[in-house]
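K.L.:
Only the shape, not the letters, is given here:
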């Protein structure tokens, strides 16, 4: 089965084939990657309540926070999901995704009039 998804910020279409779809966070695909995200104590319960990905592993921490690790593809989608948690989530790896999210946050500070950190 093939599905065509148009990337929200580009004109290029992305073709998804069924075997690779199992690696996807949801719909939009890219290169497969392992992501590791730390969630605060306030968000931990929500993260633990559902299955986000069939490969997920959740580690509990003494302070009540959790770390979610999973195999996924489609960095646009995972970035949007992580950013949706605001300061309650921090990407730990891969470093390229962490850098990309940091750059998105710098751009958001410009849009919303905040100062850019050093």
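P.N.:
Good, I have the coordinates. Please read all numbers here as calculations on a predicted model, not as lab measurements.
K.L.:
wait, what's in contact with residue 57?
P.N.:
68, 69, 70 (C-beta atoms under 8 Å, 6 or more residues apart in numbering). For every residue, glycine as well, the C-beta is placed using N, CA and C.
K.L.:
Give me the subset of these that lies in strands.
P.N.:
Within the contacts of residue 57, residues falling in strands by DSSP state E are 68, 69, 70.
K.L.:
How much space separates residue 79 from residue 102?
P.N.:
Using C-beta to C-beta, to the nearest Å, one gets 11 Å for the distance from residue 79 to residue 102.
K.L.:
wouldn't residue 53 be in contact with residue 73 here?
P.N.:
No: here residue 53 does not reach residue 73: they are 10.4 Å apart, not a contact under C-beta atoms under 8 Å.
K.L.:
show me the contacts for residue 68.
P.N.:
36, 37, 39, 47, 52, 56, 57, 58.
K.L.:
any idea how far residue 93 is from it?
P.N.:
Distance, residue 68 to residue 93, by C-beta to C-beta: 12 Å.
K.L.:
again, but for residue 99
P.N.:
To residue 93, residue 99 is 11 Å away according to C-beta to C-beta.
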